[in-house]
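Undergrad: Sequence first, then the predicted structure, then my questions.
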Amino acid sequence: MSAIPGENGRPWTALPAPPLERVLRRSQFSDKFFTILGWVLMSLALLVLGLLVVNLAKDGLARINWQFLTSFPSRKPAEAGIKSAWVGSLLVMLVTAATAIPVGIAAGIYLEEYARKNWFTTIIEVNISNLASVPSIIYGLMALGLFIYKFEDWFGAKDDDVTGLGHSIITAGLTLALLVLPIVIVATREALRAIPQAIREAAYALGASRWQVIRHHLLPYSMGGISTGVIISLSRAIGETAPLVTVGALAYVALVPPYPFQAKSWNGDEDVVLVGSVTTPLSQIKTQKAVDDSPSPEAAPALAVAPGTLSLLIRHEEDRSKSRPVEVDIPVRPDEPLGTLIASVENVEGLRAEFDEYSTFHIVAEPGVRWRVKKDTSGLVAATGLPAGGGVFGPLEWVHSPYTVLPIQMFNWVSRPDPAFLNNAAAAGLVLMFATLGMNAGAIVVRARMRRRIKW
Amino acid sequence: MTTAPSSSFDPLAERRGGGVGAANLKPLPAFRTSRPGDKVVEALLLMAAVAGVFITTGIVYILLTESWPFFEKVSLGEFLTSTRWTPQFDDAHYGILPLVAGTVTTTIIALSVALPVGLVLSLWLSEFAPPKFREFIKPVLELLAAVPTVVYGYFAVQFVSPLLQQGFRAVGSDLSTFNMLSAGLVMGVMIIPYISSLSEDAMRSVPMILREGSYGMGANRVQTGVKVVLPAALSGIAAASILAVSRAVGETMIVAIAAGQQPTFTFNPKEQAATITAYIVQVTMGDQPHGTTGYQSIFAAGLALFTMTLGFNLVGIYLRRRFREAY
């Protein structure tokens, strides 16, 4: 056997090929390694989820009871509850669902079934996909600037308290609706896209118009996919905190919004007072009230900065058997024009102006007196009495009510120094997790059932 | 039907390619039953579709008009280059860099968790996991992105941070209660599904024939996955990663709760620092009166944030075009 001359004159020999067995073994090894790596990472990810729930449960499970669900927040951790928070979350979701679902489905139908490929629809499509990656807090800023301030500039009447949409349930609901709109649109389009073309062709062949095809065939068939998307979008909305912080969800709300046609009972069992801040920056008043809870232990007013005007709304739910006067502290600076205020306060029957040793100005109102303090452009303030109440709330008056939601309530409790509030935060977090994970589980079930039922 | 697997979680779905072209189908001309309501319905649907454009226009309009007065007081040069953000001091400085540093640091930490884990998981889900199990586990993993971020914030500050503190103490170091590390790590866990699910969608839409070719050449599953499927799905993976970056940059509650509220110009993950989003939350919690510089500054910060995410989006669009594989 003669060697073939190779480089440097040495005979060329083939490198020994690794035995096939070893190649296969190494190949199997890397496959096995990756399989195990995948399992480990997946388990770790799920472990984090588990730890999160266990950690919440450890801190908060003991706090979850009937009292917690049916009490308003309080400065005493053990008495605090999430009644206003879950009611607020529910109502905000109602507004979000009522706007995002119809608009989102309609937009999805248009883009999938009507839109022709041209520059206009391209713009719309690029837009919607871009919206998916806009941070949620940007939506909040947009809502703050638009719904609260620009609307007031554009539509607000100067003398009216209700200008813009204010820090109200409807602002929050619309903000979240904008946020989840892309999710609903995308889900609708995907569901429609999954329907075979033959269905459309068959319907058209029978003489159906485009809308008839959609109404009678495409929508019913895609209902499963669309409802999955809707559930997912609402579960996203219910856990959103950041945009609602910017549009002024309140940390401390001790009232539930009036239900439709609820009787207004100013006289006797419920006190409703409107209070104007004097010239103190609104921020200070709001912060002080939000942190100190209430001016007196009996009264627990919820404070909301009404937009534009310097009015603060205080509605408080007092123990109905007590008919004590309601006291409201108004921090004032020494240089403020108090004379006119005091005079106008004393003018209103049932109101008293008082100073305490810290020169804090109080307006003391007898139960049942409705009054307001307004500040005009020159900085003068005046109190006026309002006619005694009566009548009923309108069917939609609740949308203008101040509110808080579960994530905001939890955020507020997390940031408190008192560790006892952390248990409340964990409990609120558990309720929130129950809601979001429950909705997601629902979506998973709907999706699975839909896949099983429909086979094209 | 060869549509991609339907997942309502997927915010990128419509980017994966054009629709079926249902709009090209029309009612038969001879039978066109033009009902009077049809045009009205179409107009209504069009209005709904245009709403998306209005949202973007609204965002840009509000950010620009509300931050305009701010930039009349603070020069753009100071805003972009000063390393001090001290709106509450008498000697107020408005340099966005400290907030950007906080945002970048937390984002990098989050991505260093989410990118490797997410990529391995997506490859594993698409090439290794049994199909039935995959159908089950994908939505379960997506729950990680469904947990409210305020709950993640609580988890970061009440569980992860103390745990890390113990670890650091064991090696003779120290860590403050609020730090960017724990916030970033938890944020990383939160964005894992954005990468794993969306990349997995992209990988599964890689045609089977490519895999078969690779197997036919004697490659194993890892080799096929890494050298064939991954490059073929690169545009989808890039899009998923970009979305994850946007999420991390715009994430608010986790950093607001766990990373601290003090604007510090630092990239040290052990320190506390405010991010752009945390600053906006901090100001709006305190309810700055309309028209003050503090109020306007949140819109300037928001504009910076929006520009950043828009930039990532454009990069994403470029990457998708660049790496788009047509089959």
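TA: Structure's in. What do you need?
Undergrad: From here on, just use CA atoms for contacts and neighbour counts.
TA: OK.
Undergrad: Distance of the residue in the stretch 201-350 of chain A that chain B sits nearest to relative to B:Val147?
TA: Nearest to chain B in the stretch 201-350 of chain A, going by C-alpha to the nearest C-alpha, is A:Gly239, at a distance of 4.5 Å. Remark: distance between A:Gly239 and B:Val147 (C-alpha to C-alpha, to the nearest Å) = 7 Å.
Undergrad: which residues does the residue of the stretch 201-350 of chain A closest to chain B contact?
TA: Neighbouring residues of A:Gly239 by C-alpha atoms under 8 Å, 6 or more residues apart in numbering or on different chains: A:Leu406, A:Pro407, A:Leu432, A:Thr436, B:Val147, B:Pro148, B:Thr149, B:Val150.
Undergrad: buried stuff in the helix or strand hosting B:Ala49?
TA: Secondary structure assignment for B:Ala49, by DSSP states H and E: helix B:36-73. Residues B:42, B:44-46, B:48-53, B:55-56, B:58-60, B:62-64, B:66-71 are the ones in helix B:36-73 that count as buried (16 or more other C-alpha atoms under 10 Å in any protein chain shown).
Undergrad: low-scoring stretches of the chain, by residue?
TA: All of this is about chain A. A:1-15, A:156-164, A:250-255, A:261-341, A:344, A:349-351, A:354-393, A:453-456 (pLDDT under 70).
Undergrad: The intended chain is chain B.
TA: B:1-35, B:286-289, B:325-327.
Undergrad: Which of the helices or strands spans A:Arg352?
TA: strand A:351-355.
Undergrad: In the stretch 351-456 of chain A, what residue lies closest to chain B?
TA: A:Gly429 (5.9 Å).
Undergrad: got a list of what that residue touches?
TA: A:Leu56, A:Leu406, A:Pro407, A:Met410, B:Val151.
Undergrad: neighbour-wise, which of those residues leads?
TA: Most neighbours among those, by other C-alpha atoms under 10 Å in any protein chain shown: A:Pro407, with 30 neighbours.
Undergrad: now the strands: where do they sit in chain A?
TA: Assigned by DSSP state E, chain A shows strands spanning A:4-5, A:11-12, A:271-276, A:302-305, A:311-316, A:326-330, A:351-355, A:361-365, A:370-375, A:381-386.
Undergrad: ok, B:Gln272 touching B:Gln262?
TA: Yes: contact criterion C-alpha atoms under 8 Å: B:Gln272 and B:Gln262 qualify, at 6.9 Å.
Undergrad: which one of the two has more residues nearby?
TA: B:Gln272 (26 against 19).
Undergrad: what helix or strand is the most centrally placed residue in chain B on?
TA: Centroid check for chain B by C-alpha atoms, centre = their mean gives B:Arg247 as the closest residue, at 2.1 Å. For B:Arg247, the host element (DSSP H and E) is helix B:234-250.
Undergrad: what does B:Ala301 give?
TA: helix B:293-323.
Undergrad: so how far is that helix off the chain centroid?
TA: Mean C-alpha position of helix B:293-323 versus that of the full chain (C-alpha atoms, centre = their mean, to the nearest Å) differs by 11 Å.
Undergrad: what sits against whatever residue of the stretch 51-200 of chain A ends up closest to chain B?
TA: Nearest residue of the stretch 51-200 of chain A to chain B: A:Ala107, at 4.0 Å (C-alpha to the nearest C-alpha). Going by C-alpha under 8 Å, 6+ apart, A:Ala107 touches A:Ile185, B:Leu45, B:Leu46, B:Met47, B:Ala48, B:Ala49, B:Val50.
Undergrad: And stretch A:114-122, what's buried?
TA: Result for stretch A:114-122 [16+ other C-alpha under 10 Å]: buried residues A:Tyr114, A:Ala115, A:Arg116, A:Thr121.
Undergrad: likewise stretch B:81-101?
TA: B:82-86, B:93-101.
Undergrad: quick one on the thing from earlier: next helix or strand past the helix holding B:Ala49?
TA: Next along the chain from helix B:36-73, counting by DSSP H and E, comes helix B:76-81.
Undergrad: Next SSE downstream of that following helix?
TA: Taking DSSP H and E, what comes next after helix B:76-81 is helix B:97-127.
Undergrad: Any part of that following helix near chain A?
TA: Yes: applying C-alpha under 8 Å from any C-alpha of the partner chain, one finds helix B:97-127 touching chain A at B:Val117, B:Val120, B:Leu121, B:Trp124, B:Leu125.
Undergrad: So what's the residue count around the first one?
TA: Neighbours of B:Val117 under the rule other C-alpha under 10 Å: 23.
Undergrad: who are the neighbours in contact with it?
TA: Here B:Val117 is in contact with A:Leu41, B:Ile192, B:Ser196 (criterion: C-alpha under 8 Å, 6+ apart).
Undergrad: Ranking by neighbours, what's the top pick from those?
TA: B:Ser196 (30 neighbours).
Undergrad: now the angle between helix B:234-250 and the strand or helix carrying that residue, please.
TA: Secondary structure assigned from DSSP H and E places B:Ser196 in helix B:180-204. Using axes from the mean of the first three to the mean of the last three C-alpha atoms, to 10 degrees, one finds that helix B:180-204 and helix B:234-250 are set 160 degrees apart in direction.
Undergrad: who's in contact with residue 191?
TA: Reading this off chain A. Contacts of A:Ala191 by C-alpha under 8 Å, 6+ apart are A:Ser222, A:Met223, A:Gly224, A:Gly225, A:Ile226, B:Ser6.
Undergrad: wait, I meant chain B there
TA: Counted by C-alpha under 8 Å, 6+ apart, B:Ile191 has contacts B:Ala110, B:Ala114, B:Leu144, B:Ala145, B:Ala244, B:Arg247, B:Ala248.
Undergrad: Show me what residue of chain B gets nearest to chain A.
TA: Counting by C-alpha to the nearest C-alpha, chain B gets nearest to chain A through B:Ala49 (4.0 Å).
Undergrad: ok, now which ones touch that residue?
TA: A:Val103, A:Gly104, A:Ala106, A:Ala107, A:Gly108, A:Tyr110, A:Leu111, A:Ile124.
Undergrad: are any of those buried, and which?
TA: By 16+ other C-alpha under 10 Å, the contacts of B:Ala49 give A:Val103, A:Gly104, A:Ala106, A:Ala107, A:Gly108, A:Tyr110, A:Leu111, A:Ile124 as buried.
Undergrad: Without its sequence neighbours, what residue ends up closest to the second one?
TA: The reference is to A:Gly104. A:Ile185 (4.7 Å; C-alpha to C-alpha, 6 or more residues apart in numbering or on different chains).
Undergrad: Distance-wise, check that neighbour relative to A:Tyr204.
TA: On the measure of C-alpha to C-alpha, A:Ile185 and A:Tyr204 end up 25 Å apart.
Undergrad: Any idea how far apart the tips of stretch A:192-211 sit?
TA: 14 Å.
Undergrad: Mind listing what's buried along it?
TA: Quick answer for stretch A:192-211 (16+ other C-alpha under 10 Å): A:192-196, A:200-201, A:203-204, A:207-211.
Undergrad: Output these as a markdown table; include the columns distance to A:Val247.
TA: Converted to a markdown table, the buried residues of stretch A:192-211 look like this (distance: C-alpha to C-alpha, whole Å):
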| residue | distance to A:Val247 |
| --- | --- |
| A:Leu192 | 35 |
| A:Arg193 | 36 |
| A:Ala194 | 38 |
| A:Ile195 | 40 |
| A:Pro196 | 43 |
| A:Arg200 | 44 |
| A:Glu201 | 48 |
| A:Ala203 | 47 |
| A:Tyr204 | 48 |
| A:Gly207 | 50 |
| A:Ala208 | 46 |
| A:Ser209 | 44 |
| A:Arg210 | 41 |
| A:Trp211 | 39 |
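Undergrad: Could you list which of those belong to helices?
TA: A:Leu192, A:Arg193, A:Arg200, A:Glu201, A:Ala203, A:Tyr204, A:Arg210, A:Trp211 (DSSP state H).
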